[in-house]
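Chemist: Fold the following and give me the result.
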Amino acid sequence: MVLASLALGPALAARGEEAANPSARYSPLAEITTANVSRLAEAWTAHTGEVAGGVGPVPTRPVEGFQTRPLLAGDLLLVSTTTSKVIALDAESGAERWRFDPFAERARKCESPHRGVTLWAGAGGAETVFSGTCDGRLLALDPKTGRLRPGFAEGGVLDLRPGADARDGEAYGVTSPPAIYRDLVIVGALAPEGVPRGPSGDVRAFDARTGKEAWRFHTVPRPGEFGHDTWPADGWERRTGANVWSQMSVDEERGLVFLPVGSASYDFYGGDRLGMNLFSSALVALDAATGRRRWHFQLVHHDLWDYDPPAQPILAEVKREGRTVPVVVQLTKMGLVFVLERTTGEPVFGVEERPVPRSALPGESAWPTQPFPKRPRPLARTTALTAADLSTVTPESQKECAALFERLRSGGLYVPSGVEAAVTFPGTMGGATWSGGAVDVARGRLFVNTNEVGAIHQMEAQKPEAPLPYLRTSPWGSAYTRFWDKDHLPCQQPPWGQLHAIDLASGEVVWQAPLGNAPTLAARGITGTGTPNLGGAIVTASGLVFIAATNDARMRAFDAAQGKVLWEAPLPASGHATPLTYRGPRSGRQFVVVAAGGGGRFSATVSDAIVAFALPAR
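Modeler: Okay, the predicted model is just below:
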């Protein structure tokens with residue numbers, strides 16, 4: 001939608017939409033307040049049909065998380081599923097109006113978390129829903145009917161794979177909402193992470209009417225382009241990764257689009273890509289009309305940890321020395337928060353390059369320094385764990401974790417993997433995750449949920465004919481082994497998940513609160529531990545922060561001022577997604593909705609539910 005970058009227009013404010021600055025996830029609605037939120041109750045529940053019976057135990061195969069964030073389009077809520085379906089629900093009742101299945105006429109070949117769709121308002125008020133698919137297509141749908149829009153590309157479908165050099169058998173998909181700037185739809189992609197060579201991670205813009213390519217930004221610079229010298233002679237060719245798999249943000253007023261560019265593949269070994277590796281693991285600001293680079297800020301040099309920026313950049317304003325500074329906030333898996341001036345990329349609170357550990361792995365050369373913001377302070381553990389830090393929440397967990405810890409070398413942030421098994425913090429789950437944060441634009445506070453789960457890893461030598469000499473693994477055979485016990489209780493002292501409030505004017509942390517309770521511990525009367533969490537927060541003008549995210553299948557409302565839980569309600573499964581609040585188009589009631597899918601890789605129950613809450617009807 002073509003909208004101002006920050007201020008909510010009167011029509012949008014009346015409906016409670018966030019579209020003027022969706023990255024902030026701030027709603028002007030105030031019907032639900034700190035005084036009456038305790039009366040919030042389930043208004044309706046809808047099911048997508050992806051799970052037999054609507055809810056059940058996790059099957060033997062991993063189930064991808066149901067991570068969609070609903071989008072309000074008139075009187076419809078648009079949601080997407082792990083199989084790339086787009087479904088329209090009545091915003092008042094949850095009744096299904098239409099659905100589109102992009103695999104209805106072809107064999108289903110993929111399934112992936114899908115985080116939502118986007119809406120473009122063209123000339124004359126005609127709207128188009130744009131949605132990606134897990135096999136690399138971009139769909140243009142009529143929001144009223146759910147039918148493909150014939151004028152776009154080939155019958156409403158644009159195949160993105162050929163333009164990315166995605167070859168047979170190579171994974172390439174679009175699972176986050178595209179960005180919109182005027183009449184352009186700007187698209188990133190999910191690219192392979194386990195191999196060094198593959199499809200391009202380039203970001204492309206297409207004419208929203210025709211599907212014709214308008215511009216392309218090479219996330220791995222070609223010869224003659226700025227940043228090409230940060231790659232070895234042949235290290236850039238067909239380099240995969242360095243892709244925008246998360247969500248972009250657009251500053252309409254300044255004509256900028258912000259790209260959280262992922263890590264270059266292979267994620268954990270860079271002997272074949274020695275150098276800083278621009279523009280991987282960087283925040284890049286482009287001219288949204290042309291795709292030309294305005295500025296960049298690399299968050300991790302020569303990334304060896306899969307510490308790519310997972311979250312949508314947040315557009316906000318900061319009061320500094322008597323003036324208002326437009327900023328972009330980038331949250332990271334490292335638990336570091338970078339607050340940068342939006343037009344220049346200059347750090348607002350200062351950043352310093354600090355020495356970090358070297359790599360002892362043959363052929364590898366870790367970059368000697370990494371950037372650390374002076375403020376805010378890290379929101380997650382960045383130091384090595386000691387035996388005194390191990391969990392004592394139960395005797396069973398204490399014993400198991402102590403035995404596990406004895407087998408591992410302990411390290412903190414930016415310790416490279418070696419041949420010896422190690423546990424390091426933060427792990428690949430963060431810190432912050434793809435769910436990002438929310439900003440109270442009236443009060444200048446940033447709300448972020450984070451994890452405290454270490455990663456267990458080591459490097460394993462490969463056969464001489466292998467593409468790379470080393471791959472990351474662990475004593476348990478996975479590159480993504482977590483430092484937790486058999487019940488998925490993290491092995492260090494809690495809290496294991498937190499919600500933070502940060503004053504953006506000062507960069508100081510205002511409060512921190514444990515987020516969630518481990519169900520097995522709560523049954524024994526042990527609460528306040530926090531839990532691993534995926535899914536973000538929203539904030540309202542009435543001073544409420546709504547968040548699900550946790551592993552305990554609950555939706556909560558926090559007091560934005562003090563961090564106290566004011567309300568919570570059970571969900572059919574854990575809500576590993578970000579809520580939405582809106583005003584009912586007919587009733588005028590304020591609703592709060594969330595996808596409660598559970599599953600993923602650490603929730604014991606799966607569901608296909610969209611659950612809406614509201615105050616009792618008068």
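
Chemist: Show the low-confidence segments of the stretch 101-250 of the chain, by residue range.
Modeler: 123-124 (pLDDT under 70).

Chemist: ok, 90 please
Modeler: The stretch 101-250 of the chain contains residues with pLDDT under 90 at 105-111, 122-126, 193.

Chemist: Tell me if residue 612 really is in a strand.
Modeler: Yes: for residue 612, which was evaluated using DSSP: H, G, I helix; E, B strand; the rest coil, the result is membership in a strand.

Chemist: Just grab the bridge partners of it for me.
Modeler: For residue 612, the residues forming beta bridges with it (DSSP bridges) are residue 44, residue 593.

Chemist: what does residue 371 give?
Modeler: In this entry, residue 371 is beta-bridged to residue 353, by DSSP bridges.

Chemist: ok, it to residue 298 distance?
Modeler: Between residue 371 and residue 298 the computed distance is 7 Å (CB to CB, to the nearest Å). Glycine gets a C-beta too; all of them are placed from N, C-alpha and C.

Chemist: ok, these two, which is more surrounded?
Modeler: For the pair residue 371 and residue 298, the greater number of neighbours falls to residue 298 (22 against 16), based on other CB atoms under 10 Å.

Chemist: quick one: contacts for the nearest residue to that one once chain neighbours are set aside?
Modeler: The shortest distance from residue 298 to any residue that is not its chain neighbour, by CB to CB, 6 or more residues apart in numbering, is 4.2 Å, and that residue is residue 282. Counting by CB atoms under 8 Å, 6 or more residues apart in numbering, residue 282 touches 261, 296-299, 309.

Chemist: Could I get these in a markdown table, plus columns for secondary structure and pLDDT?
Modeler: Converted to a markdown table, the contacts of residue 282 look like this (DSSP: H, G, I helix; E, B strand; the rest coil; pLDDT from 0 to 100):
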| residue | secondary structure | pLDDT |
| --- | --- | --- |
| 261 | strand | 98 |
| 296 | strand | 98 |
| 297 | strand | 98 |
| 298 | strand | 98 |
| 299 | coil | 98 |
| 309 | coil | 97 |
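
Chemist: quick check, nearest of those residues to residue 208?
Modeler: Using CB to CB, residue 261 is the member of the contacts of residue 282 that sits closest to residue 208, with 22.9 Å.

Chemist: What are the neighbouring residues in contact with that closest one?
Modeler: If a contact means CB under 8 Å, 6+ apart, then residue 261 has 201, 219, 242-244, 279-284, 308-309 as its contacts.

Chemist: 7 Å instead, please
Modeler: Listed by CB atoms under 7 Å, 6 or more residues apart in numbering, the contact partners of residue 261 are 219, 242, 244, 279-282, 284.

Chemist: Highest neighbour count among those residues?
Modeler: For the contacts of residue 261, counting by other CB under 10 Å, the largest number of neighbours falls to residue 280: 30 neighbours.

Chemist: And the residue lying closest to residue 232 once chain neighbours are set aside, how close does it get to residue 282?
Modeler: Leaving out its chain neighbours, the residue that sits closest to residue 232 by CB to CB, 6+ apart is residue 274, at 5.4 Å. Between residue 274 and residue 282 the computed distance is 17 Å (CB to CB).
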